[in-house]
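A.B. asks: For reference, the sequence and a predicted model appear below.
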Amino acid sequence: MMGGLPLLAVVVTAVVILLLVLSIWMVWTANRLDKLHLRCEAAKATLDQAAIRRSVAAQELSLSGVLGDPASTLLVGDAASAAQESTDDHRWLAESDLTAALHLVELPTNGPQAAQLSDAARRLTMARRIHNDVVASTLALRSRRRVSWFHLAGHAKAPSMAAFDDRAP
Amino acid sequence: MRVGLVCPYSLDVPGGVQNHVSDLAQVLTGRGHDVGVLAPGDEDVEHPPHVTVVGRAVPVRYNGSVARVAFGPRVAARTAKWLRDGGFDVLHVHEPVSPSVSLVALWAAEVPVVATFHSAHLRSRTMSSLAAVLRPTIEKISARIAVSESARSTLVEHLGGDPVVIPNGLFCADFSQAQPRVRWQQPGPTIVFLGRTDEPRKGLDVLLQAFPPILERHPTTRLLVAGHGEVDLSGVPGDARRQVEVLGQLSDVDRARLLSSATVYVAPQVGGESFGIVLVEAMAAGAPVAASALPAFRSVLADGELGVLFAAGDSTDCGRAVSDLLSDSSIRERLRHSAAAAVLRYDWSGVTDDIVAVYDTVLPAGRLWGRDR
C-alpha cells in the first residue's frame, strides 16, 4: 500500500529519463547526418572543380598541337569538350571516356601542358576518393533504422558515389 | 589514274563506311585505275594485296558510338610512308573528321584530296573548340562529297562551303536478281526487319509493339527479324510471339534473298540515320518499303513516293501504315515498280562515274590530258 506511490514515481522518472536520453541521441544523430551532408556537398563541389580543371588541361594540351598527329588531337579534344558539356546522367561516363582517350594517345612527358594535365589528373583522383569516402559514411548512417523511422535525414537528398575511371594518364 | 583510298575504321569489322570503301576500290580497279587502300586493321588477318593496314585498331567512343580506329605517331609515320610509296594522283579520304588515319593522311597529303563525309553528326562544341588546330588540315581538301542531304547540311553548318552530294553505292543486281526463299514467303504475308536488334535507335521495339494490331487485320502475317544481337520478345503477347521468327545475323546473299522474299520491308529506326542504305537495298530487291519519316529516309523515299512513311517512334502509326500496305496489292505493285527505277541512281556504275568526275575536277589541268590511263 505504502510502496505504490514511490513505485509509480520511479517508473515515470525512468521513462522520462529514457525519453530524454533517446531524444538527445536522435538530435545528436541528426546533427551528425547534417554535418555529413554538408561535407558531401563540399566534396562534390571540389570534385566538380577538379574534373573541370582536368578537361580544360586536356583541351589545352590538344590545342597546343604537342600530341603529334591530328587524330590524337581530335580524340582528346572531343573527349574533353564532351566532358565539359555533359550533364548529370552522363557526367561520369564522359569523364571515363576522357580518361580512356588520354590513355590511348601518346602524351608528351614534359612541357608545361603535360605537367598541368598530370597535376590536374592527380588532384581529380584525390578529389574523387575524398568525395566517395564521405558519401559512403553518409549513406551508411542514412541506412540506419532510427534515421528512416524518425525521418532524421529531413529533406536532404541521398548523395551518390562518383563512379568513373580516373587512372592517372 | 592512281587513287589512294583511306578508310578510318577497321576493315575487319563490317560497317557502312568500310563496305563503301571496299566496293569503291573494287569498282575503280575494274575500270583500270590503280587503287591502294589504307585502313586500320589486324596485320595477322589476310587482306587483299591493294590493302595496307596501319597499326592495331583500338576501340574508342566517338560521336555517340564505338569506332575501331588507329592514330598516334607510329601510325602517322606509316601513313606518310604509304603516301610516298603510293605516288597517288588523287587521295580520297573517308570521314576525315574522325580520330583516325583519314585525318592523318589528309594532314600529310601533298596531292589533291577528295573527302567523303558519311556521318550526319558532328559535335559543334568539338568543332568550335578545335577549329584552330583542325581547320588548316580540313582546308587541304580540294573537293568535298556528302553521302546524303543530311550529311551535307551538317557539313555546311560546321564547315560552310558547298559540298557535292553523291550517295553510297550499291550493286543493284545483287539484290534485283536475288532468289526469294519459299519458307520466308509462305504461308501468309511476311514483314521483314533488318538491323541490330539490341540498338534502341534501330527501332525494333516500335515494330514489335505495332505487330499485334497488324495481326488483327492480317492474322496470317509473320514477322521475320534479322540482324546482330539478342531479341527481347517479352513485350509481345503469346499469340503474336508465335508469328515472330528470329533469324539472327545473315550472310550478304541471305540478306538479299530475305528482302526479295518480303511482302513489306519495315524500317522503324527512330533516329541517327544519315543515309539509309538498307532502304535502297530493299527497294532494289523489290520489297515495298514502310519507313519512319526521318529526314534521311524521307529523301531516299522521295517524300513518300517510293515508299510509305510513318511517324518515327510511333508504333500506332507504324501498325496502321504496314496494315494498309498489306491490304492493298496494287499500291505494293506501284511502289515496287517506281522504286526499281529510282534505285538505279545508287548503282555503283553511276556512282562511280560521279566520283571519277570529282577526281578529274581536282586534278591539275595538265593531268586531265596527260594522265596515263
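C.D. replies: On my side now, so go ahead. Keep in mind that what you see is a predicted model, and the values were worked out from it rather than measured. Numbering: from 1, shown residues only, chains lettered A, B, ... in the order given.
A.B. asks: contacts, neighbours, all on C-alpha from now
C.D. replies: Will do.
A.B. asks: quick one: average pLDDT of the helix or strand harbouring B:V114?
C.D. replies: Using DSSP states H and E, B:V114 maps to strand B:113-117. Mean pLDDT, strand B:113-117: 96.
A.B. asks: Same check on stretch A:8-20?
C.D. replies: 94.
A.B. asks: Give the partner strands of the strand holding B:V114 in its sheet and their orientations.
C.D. replies: strand B:90-94 (parallel), strand B:141-146 (parallel) (DSSP bridges).
A.B. asks: what about the shortest one, average pLDDT?
C.D. replies: This means strand B:90-94. 97.
A.B. asks: And it, how far out from the chain middle?
C.D. replies: Mean-position distance between strand B:90-94 and its chain equals 18 Å (C-alpha atoms, centre = their mean, to the nearest Å).
A.B. asks: What of stretch B:9-18?
C.D. replies: For stretch B:9-18, the distance to the chain centre is 11 Å (C-alpha atoms, centre = their mean).
A.B. asks: Does that stretch reach chain A?
C.D. replies: No. Contact of stretch B:9-18 with chain A (C-alpha under 8 Å from any C-alpha of the partner chain) is absent, the minimum separation being 12.6 Å.
A.B. asks: first vs last residue of that stretch, how far apart are they?
C.D. replies: 7 Å (C-alpha to C-alpha, to the nearest Å).
A.B. asks: Repeat that for stretch A:97-112.
C.D. replies: Distance between the boundary residues of stretch A:97-112 (C-alpha to C-alpha) amounts to 23 Å.
A.B. asks: Can you tell me what sits against it?
C.D. replies: A:55, A:66-67, A:72, A:75-76, A:79-80, A:83, A:114, A:165-169, B:60-61, B:71-73 (C-alpha atoms under 8 Å, 6 or more residues apart in numbering or on different chains).
A.B. asks: isn't B:T197 right up against B:L208?
C.D. replies: No. Judged on C-alpha atoms under 8 Å, B:T197 makes no contact with B:L208 at a distance of 11.1 Å.
A.B. asks: Most tightly packed of the strands paired with strand B:113-117?
C.D. replies: strand B:90-94 (a mean of 26; mean count of other C-alpha atoms under 10 Å in any protein chain shown).
A.B. asks: ok, then the element right after that strand?
C.D. replies: Following strand B:90-94 in sequence, per DSSP H and E, is helix B:101-108.
A.B. asks: helices or strands next to that next one in the packing?
C.D. replies: Other helices and strands packing on helix B:101-108, by 3 or more C-alpha pairs under 8 Å, 6 or more residues apart in numbering or on different chains; DSSP states H and E, are helix A:70-85, strand B:2-6, helix B:73-86, strand B:90-94, helix B:124-138.
A.B. asks: Might you enumerate the residues of chain A proximal to chain B?
C.D. replies: So far as C-alpha under 8 Å from any C-alpha goes, chain A lies against chain B at A:63, A:65, A:68-75, A:77-79, A:81-82, A:97, A:101, A:105-106.
A.B. asks: 6 Å instead?
C.D. replies: A:71, A:74-75, A:78 (C-alpha under 6 Å from any C-alpha of the partner chain).
A.B. asks: name the element whichever residue of the stretch 251-373 of chain B sits closest to chain A belongs to?
C.D. replies: Closest approach between the stretch 251-373 of chain B and chain A, counting by C-alpha to the nearest C-alpha: B:G272, at 18.1 Å. Using DSSP H and E, B:G272 is not contained in any helix or strand.
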